[in-house]
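Novice: Fold the following, please.
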Amino acid sequence: GCMSSEKVYHEKGHALGIKKEQSRSDRDSKLIIYLENVAYNIRFNFNKLSHHQNVLYNTFAYSSIMSYGN
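Specialist: The predicted structure is shown next:
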C-alpha cells in the first residue's frame, strides 16, 4: 500500500530517535488522553515517558508531525 507523506516523515522521525509528541513527559499540562477511547491494541502509543526517557528541546507542539492526528 501507499503511505501518505506525513506518515513517511513521522516514521523517519522515529528512525532518527524522535519520540511521539503525545508521549512527552510534560504532555499532561497540554492535553488529556482518554485511553478508554483508544483501541486496546494501540494504547502503547500513548504511554508517557519519564523525564529520564526523553530530552525536551522545545515546547509541546500540537501540530508536530510526531503528534497523532496530524
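
Novice: tally of neighbours for the nearest residue to G13 once chain neighbours are set aside?
Specialist: Computed as C-beta to C-beta, 6 or more residues apart in numbering, the closest residue to G13 that is not its neighbour in sequence is M66, at 5.2 Å. Just so you know, the C-beta spots here come from the backbone N, C-alpha and C atoms, and that holds for glycine as well. Here the number of neighbours of M66 (other C-beta atoms under 10 Å) works out to 17.

Novice: how close does M66 sit to Y40?
Specialist: Separation of M66 from Y40 (C-beta to C-beta, to the nearest Å): 23 Å.

Novice: Surely the residue nearest to G13 is in contact with K12?
Specialist: No: the pair M66 and K12 does not pass the contact test of C-beta atoms under 8 Å, sitting 10.3 Å apart.

Novice: give the contact list for the residue nearest the centre of the chain.
Specialist: Of all residues in the chain, the one closest to the mean position by C-alpha atoms, centre = their mean is K20, 2.3 Å from it. K20 sits next to N45, M66, S67, Y68 when contact means C-beta atoms under 8 Å, 6 or more residues apart in numbering.

Novice: any chance of those residues in JSON lines, plus secondary structure, pLDDT and distance to K7?
Specialist: Written out in JSON lines, the entries for these read as follows (DSSP: H, G, I helix; E, B strand; the rest coil; pLDDT from 0 to 100; distance: C-beta to C-beta, whole Å):
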{"residue": "N45", "secondary structure": "helix", "pLDDT": "92", "distance to K7": "14"}
{"residue": "M66", "secondary structure": "coil", "pLDDT": "89", "distance to K7": "12"}
{"residue": "S67", "secondary structure": "coil", "pLDDT": "89", "distance to K7": "13"}
{"residue": "Y68", "secondary structure": "coil", "pLDDT": "83", "distance to K7": "11"}
